[in-house]
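what shape does this take:
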Amino acid sequence: MTDIVTGNFARFPWQFWPPQALRVVNWNIDRGLRLAGIIDFLDSQRADLITLQEADLHAKRTHYLNIAEQIARKLEMNYVFGREFQELTQGSRISPAFHGQATLSRWRLREERIIRFRRQSDFWRPRWYLPETKPFQERLGGRIALVTEVDAVGRSLIVYNVHLESRGNETLRIAQLAETLNDARDHAATALLVAGDLNFNVLDGSAPELLDLAGLRSVFGESHLYTRPARLFGSPRTIDWALISEGMEAEKPQVHSDIGASDHYPISFTLRFV
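Numbering: from 1, shown residues only. From the prediction side, this is the model:
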């Protein structure tokens, strides 16, 4: 579960000076179940950097594909993939299935690693009295942050691709966010991007204080924008975020609420170095 899968499909960038801006997309892609629609949208964005959550690897429900690699090949990007969970109902003993986070870039990716949070929910763990069938989603593993350094012709950006727990309470999610931000303090002198499905609104409760201490701010400012549509028994939610450090500005941030290829909406923005 600590292994990281990588692939390099980006063309050689015929640019010999650091870029002043990067186009960024963040999206929980719901395993990649609607892969054609996901690729069509991402291709339309011409992104330099993409952070994805809930990407499948060798799962039955997504035709045993490496979803991150499929996307990276189509978009001609480099990628790293970190395993969050082994999906016990989606693979076999010979060919296990996983899902997790993927970070894609047109630039070189390096120093990739996983933070597996110390505090986890036990909701997903196997139980002897539950059959290994799809409705129960039995899993091994736990929520992670996938940490990667983007090397854009000498300009460094540290990216934390984060998926916080959906089944625990806000105290658990705050603990996981705090662990991410504590790790990020080791890179305080470097440009930082924390992006992902945080499963709660970070402008409420005790989260704003954590972000202030870490020197991070939302690309949407103080706006509360819905990133997950309403469900049959639930309201729309504000749970997908991109947080940036000083020395950068986010231009034209957008929630693409017209895109239906996942149960989350993608968010996009241009990250400009100042």
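
which strand or helix spans Ser257?
Ser257 belongs to no helix or strand when assigned by DSSP states H and E.

so what's it up against?
Tyr226, Pro229, Tyr265 (C-beta atoms under 8 Å, 6 or more residues apart in numbering). (Glycine included, C-beta is placed from N, CA and C.)

what of Asn161?
Counting by C-beta under 8 Å, 6+ apart, Asn161 has contacts 51-53, 82, 101-103, 145-148, 195-196.

with Trp107 instead?
Contacts of Trp107 by C-beta under 8 Å, 6+ apart are Ala10, Pro13, Asp48, Leu49, Asn78, Val150, Asp151, Ala152, Val153.

can you put those in JSON lines and add secondary structure?
Shown next, in JSON lines, are those (DSSP: H, G, I helix; E, B strand; the rest coil):
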{"residue": "Ala10", "secondary structure": "coil"}
{"residue": "Pro13", "secondary structure": "coil"}
{"residue": "Asp48", "secondary structure": "coil"}
{"residue": "Leu49", "secondary structure": "strand"}
{"residue": "Asn78", "secondary structure": "strand"}
{"residue": "Val150", "secondary structure": "strand"}
{"residue": "Asp151", "secondary structure": "strand"}
{"residue": "Ala152", "secondary structure": "strand"}
{"residue": "Val153", "secondary structure": "coil"}
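
write a PyMOL command that selects only the buried members of these.
To isolate the buried members of these in PyMOL, using 16 or more other C-beta atoms under 10 Å:
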select buried, resi 10+48+49+78+150+151+152
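
Asp212 in helix, strand or coil?
Classified using three-state DSSP, Asp212 is helix.

that one and Ala68, how far apart?
33 Å (C-beta to C-beta, to the nearest Å).

check which helices and strands the helix or strand of the chain with the lowest mean pLDDT sits against.
Sorting the helices and strands of the chain by mean pLDDT, DSSP states H and E puts strand 139-141 at the bottom, at a mean of 91. Packed against strand 139-141 by the contact rule (3 or more C-beta pairs under 8 Å, 6 or more residues apart in numbering; DSSP states H and E) you find strand 78-87.

I'd assumed Val153 was in contact with Pro19.
Yes: between Pro19 and Val153 there is a contact at 7.1 Å, judged by C-beta atoms under 8 Å.

sorry, back to before: so which of the contacts of Asn161 wins on neighbours?
Leu52 (31 neighbours; other C-beta atoms under 10 Å).

tell me the pLDDT of that residue.
Per-residue pLDDT puts Leu52 at 98.

so it touches Ile71, yeah?
Yes: proximity of Leu52 to Ile71 meets the contact threshold set by C-beta under 8 Å, at 7.5 Å.

anything in contact with each of the two?
Common neighbours of Leu52 and Ile71 (C-beta under 8 Å, 6+ apart) are Ala102, Leu104.

and Val162, that one's in a strand?
Yes: looking at Val162 with three-state DSSP, it is inside a strand.

partner residues bridging it?
Ala145, Gly196 (DSSP bridges).

quick one: it and Thr180 touch, right?
Yes: with contact defined as C-beta under 8 Å, Val162 reaches Thr180; the gap is 5.8 Å.

tell me which of the two has more neighbours.
Val162 (27 against 23).

per-residue pLDDT of the more buried one, please?
So Val162 comes in at 98 (pLDDT).

now Thr227
For Thr227, pLDDT reads 95.

gap between the closest residue to it other than its chain neighbours and Arg93?
Closest residue to Thr227 apart from its sequence neighbours, by C-beta to C-beta, 6 or more residues apart in numbering: Asp240 at 3.8 Å. For Asp240, the distance to Arg93 equals 34 Å [C-beta to C-beta].

next one: Leu193
In terms of C-beta to C-beta, Leu193 sits 38 Å off from Arg93.

which stretches in the stretch 151-274 of the chain count as helices?
170-184, 207-214 (DSSP state H, counting those that start in this stretch).

returning to that earlier point: between Asp212 and Ala68, which is the more surrounded one?
Ala68 (28 against 10).

alpha carbons only: can I get the helix or strand hosting that one in CSV?
When elements are defined using DSSP H and E, Ala68 is found to belong to helix 67-75. Extracted C-alpha coordinates of helix 67-75, given in CSV (Å, rounded to 0.1, in the frame of the first residue of the first chain):
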residue,chain,number,x,y,z
ILE,A,67,-7.5,5.1,-14.6
ALA,A,68,-4.7,7.6,-13.8
GLU,A,69,-2.5,6.2,-16.6
GLN,A,70,-5.4,6.2,-19.1
ILE,A,71,-5.9,9.9,-18.4
ALA,A,72,-2.2,10.7,-18.4
ARG,A,73,-1.7,9.0,-21.8
LYS,A,74,-4.6,10.7,-23.4
LEU,A,75,-3.5,14.1,-22.1
